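Engineer: Here is a sequence together with a model predicted from it:
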Amino acid sequence: MYGAPGRAAFESVQPAMQTADIPVVYVTDRAAETKRDGGVTYGFGRSPGISFGTATVAISPRVEWNGLVDLSTSETREHRYLSKVSGVEPIGEIPSTARLLEPREGRLRMKPDAMATVRDGQQKLFKLLSRWLDHTDRKETFVFVHGFNNTFDHSVIRLSHAWHFGGRQGVPIVFSWPAGSGGLKSYTYDRESGEFAIVHLKMLLITLARCPQIERIHLVSHSRGTDVAVTAMREMNAEARGYLRSGGLAALLHDDLEAMNRADAPEVHEMLKIETLVLAAPDLDFDVFAQRFFGENVIRAANRTVIYFSRADFALSVARWAFRSRRRIGALRLEDLAPEVQRWCAAIDALELIHCDVRGHSSHSYILQHPAAFSDLIQVITRGLKPGAEHGRPLKRIGDTIWELSNDYLRSMP
């Protein structure tokens, strides 16, 4: 945000976080690579386990803290500033589930020391998270799951910008999965890499839910990353509901309709601490998404779900053609939703549908590049504001459950 509202966001940044560089936590199942200078980076190869550590983003030309705040809240800039990953510090790892198993008595069973191995990795991650949590009033994490054709550095830089402009509150965590192979078959490779990464995202989210310092988790996903996020949420939701015996397909199996509608069953999002699920430009088939998200009640896995889409999303038009899908969620049109469907969605408090009618930036990466869309995302995940000018988010209602975000968003901010 510009001017006084923007500067106010930085007033609560504690001294330890007032740095010219921007540090973030990374968690990745990319294979590690050694750089020419001996440092570590991560490519598009797949690793059976997950590694974590810190990555630092430097701004060039270099600007000290006060100058960086002025620069971040100015409507115009005299120079062009570039961001690059200046350092990667590996801290620990959590091994793959396959490495925790062994054949015994004719079956695959957990190794005797498996739980201790996992807990050791989790404790190292908790200690790392404390570097941020000890210096912020918000005991929350912001997990970013990037999309197709993103490199490790690209995903780190995008999250660093979001965390910085949001006032450096909470813990920024990028879940960087093995995308960005390039070449003719890059989309198909990335699609299968996303499937490969689901179990690792689940491991991360479950680990974060176990961290005693963390109160809430905000999960932000973009493009193909939305499939990774939704599938992980779907599986965790099914596992949690089975544990709670709170309905779902198991209730149908046992002809227990009462269990399907239990009002006293604990909410899955409370167990998992998932406060917000953001699906930005989701590369998801409309029918598949509806079946999973509503038919399997995945919407209960997050306290709030916000979906950003644009009918002008060219990249998703190509995906629609490639997969012969009726419609991709990220390229929805108002006419795709029948009035009764809109009314049905409007009755669900936990759901927001936002059409991004923005121009001047990528039609697919607008949520991370367009100032208006980016600002609204920050309002959602850092302040939890509801849609509508009266709540501080100047969106226009264009349907029973659909809001519109335009280029005039920032000019209309209170």
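Structural biologist: Right, received. Where do you want to start? Numbering: from 1, shown residues only.
Engineer: and the spatially closest residue to residue 193 that is not a sequence neighbour, what are its phi and psi?
Structural biologist: The spatial neighbour of residue 193 that comes closest, neighbours along the chain excluded (C-beta to C-beta, 6 or more residues apart in numbering), is residue 178 at 4.2 Å. No exception for glycine: its C-beta is placed from N, CA and C like everyone else's. Residue 178 has phi and psi values of phi -70, psi 70 when expressed as degrees, to the nearest 10.
Engineer: who does the helix or strand containing residue 26 pair up with?
Structural biologist: Element membership of residue 26 [criterion: DSSP states H and E] is strand 22-34. In the sheet containing strand 22-34, the strands it pairs with under DSSP bridges are strand 40-60 (antiparallel), strand 171-176 (parallel).
Engineer: Distance to residue 219 added to the ones you listed, as CSV?
Structural biologist: What follows is the strands paired with strand 22-34, written out as CSV (distance: least, C-beta to C-beta, whole Å):
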stretch, distance to residue 219
strand 40-60, 16
strand 171-176, 9
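Engineer: can you give me the helices for the stretch 101-250 of the chain?
Structural biologist: Listed in chain order, the helices found in the stretch 101-250 of the chain under DSSP state H, counting those that start in this stretch are 114-133, 152-165, 186-210, 225-244, 249-253.
Engineer: So which bits of the longest one are buried?
Structural biologist: Buried residues in helix 186-210, counted by 16 or more other C-beta atoms under 10 Å: 187, 189-191, 193-194, 196-208.
Engineer: for residue 179, what are its contacts?
Structural biologist: 44, 146-151, 190, 193-194, 224 (C-beta atoms under 8 Å, 6 or more residues apart in numbering).
Engineer: first to last residue in stretch 166-181, what's the distance?
Structural biologist: The stretch stretch 166-181 measures 31 Å between its terminal residues, going by C-alpha to C-alpha, to the nearest Å.
Engineer: Name the spans of the stretch 101-250 of the chain whose pLDDT lies under the cut-off.
Structural biologist: By pLDDT under 70, the weakly predicted segments of the stretch 101-250 of the chain are 183-184, 242-250.
Engineer: sorry, back to before: the strand holding residue 26: how far from the chain's middle?
Structural biologist: 16 Å (C-alpha atoms, centre = their mean, to the nearest Å).
Engineer: Give the rounded mean pLDDT of that strand.
Structural biologist: For strand 22-34, the per-residue pLDDT values average out at 97.
Engineer: Next: stretch 82-94.
Structural biologist: pLDDT averaged over stretch 82-94 equals 96, rounded to a whole number.
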